[in-house]
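Chemist: Quick one: sequence and predicted model below, then my questions.
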Amino acid sequence: MVTNTLLSRYRTPDHYLQGADMARVTVTDPGLQHAAKLEIAYLLSFDPARLLVEFRATAGLPTGDAKNYGGWENGPAADRNPDGTTSPTRFTGHFVGHYLSALNEACTATTATPEEKKALTAKLTTLVDGLAAAQTAYGQAHPESAGFIPAFPAAALPDGADGLLVPFYNLHKILQGLVDTATMGPTETIRATALTAASRFADFINAWHEAHAAVDMLKTEYGGMNAALYELFAFTGDDQHAATAHLFDEVPLFARLADNEDVLPGLHANTTIPKLIGALTRYVVYTENPLYYFRLSNKDQLALDILYRQAAENFWQMVIDHHTYVIGDNSQSEHFHSPDALWQDATTNGTEDGGYNDNSTCETCNAHNMLKLTRLLFQVTGDARYSEYYEHTFRNTILASQDPDTGMTTYFQPMQAGYSRVFGVPGTGLNGSTAQGEYWCCQGTGIENFAKLSDSLYFIDDHDVYLNMFFSSTLILPELNAKITQTADLPKQAAVHITIDRLNPSQPLASSLRLHLRIPAWANPDLISLTAGDFTRTAEDKPADDWITTTVNDGPLDLLYTIPAVLRAVASPDNPNWVAFQFGPTILAGALPTDQDTPGDYAYGGVKVRVAKFSQTAHAESLLVPKDGFTPKTWLSVLDDHVIRVDDPDDDQPLTFKLRGLAQGNGLTLHPYAELNRNFYAVYWTLAQANSDAYRLIQKQAAAAAADARRTIDRLLLFDNNNAEAGKHYAVSADATVGNYAGHTYRTAGSNGWFSYNLQVDPDSAVNYLALQFNTADAGQRAVIAVGGASIDTVTVSAEPANGFYWAYLTLPDDVLALADATNLGPHTVTVQLNGTGETTMPRLFGIKTLREKPI
């Protein structure tokens, strides 16, 4: 057994918690059952031949008349894309990898019928065999790239080519899918095929790196390559696989995080989270296996604690404490921004249709990956705070991300009031849908989320069972001759019924079983009780580690765990009057009435990402004005008098609350946020006293936001070398780079470099302006601005504005605007290019807009 000081605070490595095998868990919660069934139907609607089109074509194998599925899965050739056009930007292969993982999860879980599992297994077998065949054929045609999995040519590594943005990101999903198949695939043959393909791919990466040693593999998003490769190493024990995984360990980032330096502002959230999953995976793989641990040098053994684990723990805490919205998710426009600025991020980035603005908080992928990181941290530590966060985010973000009618998932979950959730389309013809699919990242993680709904309900350590989430379900433990049945409907009903019984009634439990029940942070511990027959435990017995432990010597034993929910208001750290309401583990939200707009309406942002349209009339209903005699603070101080539960805990109706004591907003209804799927909604509400300075400021801000939306034609405020810039069809010179400064992302280039974006203009506006955001730290640096190929001005960064960031405005000439519809760029679209002057490095560009008028 390997021990060390840090681990001794929690658990020893040979006693890490293990998630209960999904094959032993039966979900009986009706909502989870329904969600899982929808997912199984979707998985069954795919044709593996279409998923393999790009792999076979790249490998030189025939594809027949098959088309790929399009969207992010487009290939470079129009005749293989379902819409018959070339795709300027793509993420080929990523969804295929998620699909592999989801098939394995659905085959392992117990929701699918035997017939469905047989069909899922057949699709998995065809897909893995097809990937292995393409891998072999590509290696024969390109011996220098033997082992490469050809979703696209190996020449695209590492920074992309021909519209392919992030090669290693896509390949990580495929590798993870193969590793998942190797470890949980339904047949021995398919497990062996997947393991061989994954190992050959790892060997390719190592060889590619040796041949390109001077190339920075980490400059472009690479997903969780380190995590997948460490998992492969854990399975094979091949030190070369561990060395290859280590190539993707971003040690300088880990070191800063281990020192508790907040480096998050400006970072792409879903790029960063998987890096820390990889760091913690390295820690777990080495510390849970003494054979692997003692292969490391003393220095590397020490680094497992003080670098890799510490970085993961500190990162998690930073995200939770300073960047997480009340539903458990994080980010705006896919990025972390300044700490404790949730209100600002969610409400001050614009509301015009399309693009990334207030519509783009809480990317669902981020929650998926934060839960993966949280799960690992919980397994290592057994710390209740990780269990708490897991269930909270699962309930309020993951379950909210699926359309209960179609099974499709959403990309963003806006926290600004006045939006609705927007879901994707199947793209497979499921349920008669003829729309072409887009297959975003959040649809990829989405099919996994709902294929593995039971993977974290219970955790086990020998005879210890940790109940991680309160959902109706059954766990069987054959080695203990035990069966645990949980019946729960939190927070609708306060009581969780738990029965521990003999699996074989004629035999006693094989040994004592210790059941650990979390004392939730959302509950009042004085009201919690655990009853077994005539014996009741109460808050007086509350342990320091927030787990109530019950030893069961034999069954049957019936337990009643009563956890009355408490109502509370949760305010944003940067605006105490921007509040959400939470009842027990559930975030409440209100449907906002409007007869002028349609929930579910969307525009596009990024690369084919559906983003919700804003309803100003619905948003206006989210302002809550207390009645005379109350300020926002005093209204909140008696919350139970003003947010009134009106449903019956024993009926089958949704959890329902009414708002009271308001001059504006009185009578509005609140339901669980995850259940509001066809509404404009408010999760956060703005409270203001009538005719107060705060009230007048809110009215002024609302008018300013509406004016900003009216005058803004197009904008780009994020520079990520990824989805946001790709949505504006960016092109750059070889020396162009992105970075972040003072919490803002930017694009720049060398003295002779350039970069460009396609932006819309308005031919019906009397004047069109181009707005460019700079910072006075670059004072004196210059750039030549060209629109439609014609230079219109040279800008020099000013040193005058006191706040550092400022906007420069240029008038777009009429002759340039006349070209907007004479190109194939799209309706009313021009290319704006910034060029170096040959003198100094170009100034950093922090934002770019086209406007109908300049702000006053």
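Modeler: Happy to help now that I have it. Numbers count the residues shown, from 1 in each chain.
Chemist: only C-alpha atoms for contact and neighbour calcs from this point on.
Modeler: Noted.
Chemist: Checking T26 next. Helix, strand or coil?
Modeler: strand (DSSP: H, G, I helix; E, B strand; the rest coil).
Chemist: residue contacts, it?
Modeler: Residues in contact with T26 (CA atoms under 8 Å, 6 or more residues apart in numbering) are A109, T110, T111, S454, S473, T474, L475.
Chemist: Now with 10 Å, please.
Modeler: Q33, A109, T110, T111, S454, S472, S473, T474, L475, I476, T485 (CA atoms under 10 Å, 6 or more residues apart in numbering).
Chemist: Tell me the bridge partners for it.
Modeler: On the basis of DSSP bridges, T26 is bridged to T474.
Chemist: about what we covered before: in a markdown table: the contacts of T26, plus neighbour count.
Modeler: Shown next, in a markdown table, are those (neighbours: other CA atoms under 10 Å):
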| residue | neighbour count |
| --- | --- |
| Q33 | 17 |
| A109 | 22 |
| T110 | 19 |
| T111 | 26 |
| S454 | 27 |
| S472 | 22 |
| S473 | 21 |
| T474 | 20 |
| L475 | 22 |
| I476 | 21 |
| T485 | 21 |
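Chemist: Closest one of those to R568?
Modeler: When the contacts of T26 are ranked by distance to R568 (CA to CA), S472 comes first, at 25.2 Å.
Chemist: what does the model give that closest one for pLDDT?
Modeler: With respect to pLDDT, S472 scores 99.
Chemist: residues contacting it?
Modeler: Residues near S472 by CA under 10 Å, 6+ apart: 26-32, 457, 485-490, 496-498.
Chemist: Only whichever of those are buried, select them in ChimeraX.
Modeler: With 16 or more other CA atoms under 10 Å as the criterion, this ChimeraX line picks the buried residues out of these:
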select :26,27,28,29,32,457,485,486,487,488,489,490,496,497,498
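Chemist: which ones among the contacts of T26 are found in helices?
Modeler: Among the contacts of T26, DSSP state H puts Q33 in helices.
Chemist: Check the separation of the first and last residues in stretch 611-620.
Modeler: 20 Å (CA to CA, to the nearest Å).
Chemist: So what's the gap between that stretch and the chain middle?
Modeler: The chain centroid and the centroid of stretch 611-620 are separated by 23 Å under CA atoms, centre = their mean, to the nearest Å.
Chemist: helix, strand or coil for the spatially closest residue to M225 that is not a sequence neighbour?
Modeler: Leaving aside its chain neighbours, M225 sits nearest to H172 (5.1 Å; criterion: CA to CA, 6 or more residues apart in numbering). With three-state DSSP as the basis, H172 sits in helix.
Chemist: contacting residues for H172?
Modeler: H172 is in contact with 93-94, 97-98, 178, 222-229, counting by CA under 10 Å, 6+ apart.
Chemist: These into JSON lines, with extra columns for secondary structure, pLDDT and neighbour count?
Modeler: Below are those laid out as JSON lines (DSSP: H, G, I helix; E, B strand; the rest coil; pLDDT from 0 to 100; neighbours: other CA atoms under 10 Å):
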{"residue": "G93", "secondary structure": "coil", "pLDDT": "99", "neighbour count": "28"}
{"residue": "H94", "secondary structure": "helix", "pLDDT": "99", "neighbour count": "28"}
{"residue": "G97", "secondary structure": "helix", "pLDDT": "99", "neighbour count": "21"}
{"residue": "H98", "secondary structure": "helix", "pLDDT": "99", "neighbour count": "25"}
{"residue": "L178", "secondary structure": "helix", "pLDDT": "99", "neighbour count": "31"}
{"residue": "Y222", "secondary structure": "coil", "pLDDT": "98", "neighbour count": "24"}
{"residue": "G223", "secondary structure": "coil", "pLDDT": "98", "neighbour count": "25"}
{"residue": "G224", "secondary structure": "coil", "pLDDT": "98", "neighbour count": "29"}
{"residue": "M225", "secondary structure": "helix", "pLDDT": "99", "neighbour count": "29"}
{"residue": "N226", "secondary structure": "helix", "pLDDT": "99", "neighbour count": "30"}
{"residue": "A227", "secondary structure": "helix", "pLDDT": "99", "neighbour count": "27"}
{"residue": "A228", "secondary structure": "helix", "pLDDT": "99", "neighbour count": "27"}
{"residue": "L229", "secondary structure": "helix", "pLDDT": "99", "neighbour count": "31"}
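Chemist: Nearest to D129 among these?
Modeler: For these, the nearest to D129 is L178 (10.9 Å; CA to CA).
Chemist: what about that closest one, distance to L232?
Modeler: Distance from L178 to L232, by CA to CA: 9 Å.
Chemist: Overlap of the contact sets of these two?
Modeler: Joint contacts of L178 and L232 (CA under 10 Å, 6+ apart) are L195, A198, S199.
Chemist: Out of those residues, give me the one that has the most neighbours.
Modeler: A198 (27 neighbours; other CA atoms under 10 Å).
Chemist: contacting residues for that one?
Modeler: Shown in contact with A198 (CA under 10 Å, 6+ apart): 132, 147-149, 174-179, 181-182, 192, 204, 228-229, 232.
Chemist: one more time with 8 Å, if that's ok
Modeler: Here A198 is in contact with L175, L178, V179, L232 (criterion: CA under 8 Å, 6+ apart).
Chemist: so T686 bridges to which residues?
Modeler: W578, L623.
Chemist: which residues of this structure score low on pLDDT?
Modeler: The model of the chain has pLDDT under 70 over residues 1-14, 538-542, 544, 822-823.
Chemist: Could you look up the SS state of the closest residue to L43 other than its chain neighbours?
Modeler: Spatial nearest neighbour of L43, chain neighbours left out: L103 (7.2 Å); criterion: CA to CA, 6+ apart. State at L103, reduced to three classes by three-state DSSP: helix.
Chemist: For N226, see how far away the residue nearest to M225 is.
Modeler: H172 sits at a distance of 9 Å from N226 (criterion: CA to CA).
Chemist: ditto for V625
Modeler: According to CA to CA, V625 stands 51 Å off from N226.
Chemist: Kindly report the same for I273.
Modeler: According to CA to CA, I273 stands 12 Å off from N226.
Chemist: I figured V646 was touching F657, is that so?
Modeler: Yes. Contact criterion CA atoms under 8 Å: V646 and F657 qualify, at 5.5 Å.
Chemist: what about these two, which has more around it?
Modeler: A direct count of neighbours by other CA under 10 Å for V646 and F657 places F657 higher, at 22 against 11.
Chemist: next one: phi and psi at that one?
Modeler: Torsion angles at F657 (phi, psi; degrees, to the nearest 10) stand at phi -130, psi 160.
Chemist: Report how many residues lie close to the closest residue to it other than its chain neighbours.
Modeler: Ranked by CA to CA, 6+ apart and with sequence neighbours excluded, the top spatial neighbour of F657 is R645, at 4.2 Å. Other residues lying near R645 total 19 when counted by other CA under 10 Å.
Chemist: residues in contact with R645?
Modeler: For R645, the contact set (CA under 8 Å, 6+ apart) comprises L655, T656, F657, K658.
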